[in-house]
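# task: produce atomic coordinates for the following.
(one chain, ligands or ions: 1)
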Amino acid sequence: MNAYTSDKQFSRLLYTSALDIECCGEKPAETVRRIAEGAAEQNRLSDLTGSLLFVNGVFIQILEGPQDEVEKAFERICCDFRHVDVRLIDLINVSERLFEGWNMAFLSDDEMSSLALGDELQEIQFLAGVNASQATLQMRSLLDNHSAASKA
Ligand SMILES: Cc1cc2nc3c(=O)[nH]c(=O)nc-3n(C[C@H](O)[C@H](O)[C@H](O)COP(=O)(O)O)c2cc1C
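Modelled structure (predicted):
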């Protein structure tokens with residue numbers, strides 16, 4: 001590296017949004033699962049990694065990768081009618097990925113999840129509103145503790 005190159009070659013973006021319940025009929029959990037699967041598939045093609053949480057009807061998502069790919073994906077995501085109230089919380093340049101190996105890890109507070117997981121997800125939801133970097137780190141450590149969010 002020299003004065004003309006930067007070690008910040010990735011972007012990391014954090015946003016929140018709310019599931020549009022109008023769009024998913026009586027099966028919101030199925031819609032959410034489909035969104036997560038589609039995201040992981042698409043991200044594999046776009047060299048993106050990150051994490052998607054769904055708690056209390058709210059999505060909290062981190063996207064990281066090459067800046068242009070992060071921006072393109074976020075533009076697509078903003079246009080998606082399956083969620084509303086998209087709020088960009090944080091967009092920074094970083095030198096390395098925090099979610100290496102997860103094209104889109106997914107955890108939600110559905111009926112299958114434990115009380116402990118529900119509590120952790122709620123804490124991250126709170127943190128996302130007040131301290132983005134802390135919320136990001138907590139999302140990362142949550143994944144280490146939950147094998148359900150297997151690397152895809
Ligand atoms: C909550 C949520 C998260 C999403 N996450 C991603 C994602 O990480 N990557 C991605 O490419 N698309 C994601 N999508 C899907 C995009 O909105 C879009 O449907 C998809 O990229 C296909 O876009 P296209 O139809 O313009 O090709 C997400 C959608 C929602 C509602």
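# and the closest residue to Glu69 other than its chain neighbours, how far is that from Gly129?
Nearest non-adjacent residue to Glu69, counting by CB to CB, 6 or more residues apart in numbering: Ser46, 4.7 Å away. Glycine gets a C-beta too; all of them are placed from N, C-alpha and C. Taking CB to CB, to the nearest Å as the measure, Ser46 falls 28 Å from Gly129.
# more neighbours: which of the two?
Ser46 (17 against 12; other CB atoms under 10 Å).
# doesn't Phe59 lie inside a strand?
Yes: counting by DSSP: H, G, I helix; E, B strand; the rest coil, Phe59 is part of a strand.
# with adjacent residues omitted, what lies nearest to it?
Ser17 is the one closest to Phe59 (CB to CB, 6+ apart), at 4.8 Å.
# in a strand, that neighbour, correct?
Yes: under three-state DSSP, Ser17 falls within a strand.
# give me the number of residues near it?
Applying other CB under 10 Å, I find that Ser17 has 19 neighbouring residues.
# quick check: beta-bridge partners of Gln61?
Here Gln61 sits in beta bridges with Tyr15, Leu52, going by DSSP bridges.
# and it, how far is that from the ligand?
Distance, Gln61 to the ligand, by CB to the nearest ligand atom, to the nearest Å: 6 Å.
# which residues touch the residue positioned nearest the centre of the chain?
Taking CA atoms, centre = their mean, the centroid of the chain lies closest to Gln61, which sits 2.2 Å from it. With contacts defined as CB atoms under 8 Å, 6 or more residues apart in numbering, the neighbours of Gln61 are Leu14, Tyr15, Thr16, Ser17, Gly50, Ser51, Leu52, Leu53, Ile77.
# what pLDDT does the model give the residue nearest to Ser95 when sequence neighbours are not counted?
Once flanking residues are discounted, Ser95 sits nearest to Asp7: 4.4 Å by CB to CB, 6+ apart. What the model reports for Asp7 is a pLDDT of 77.
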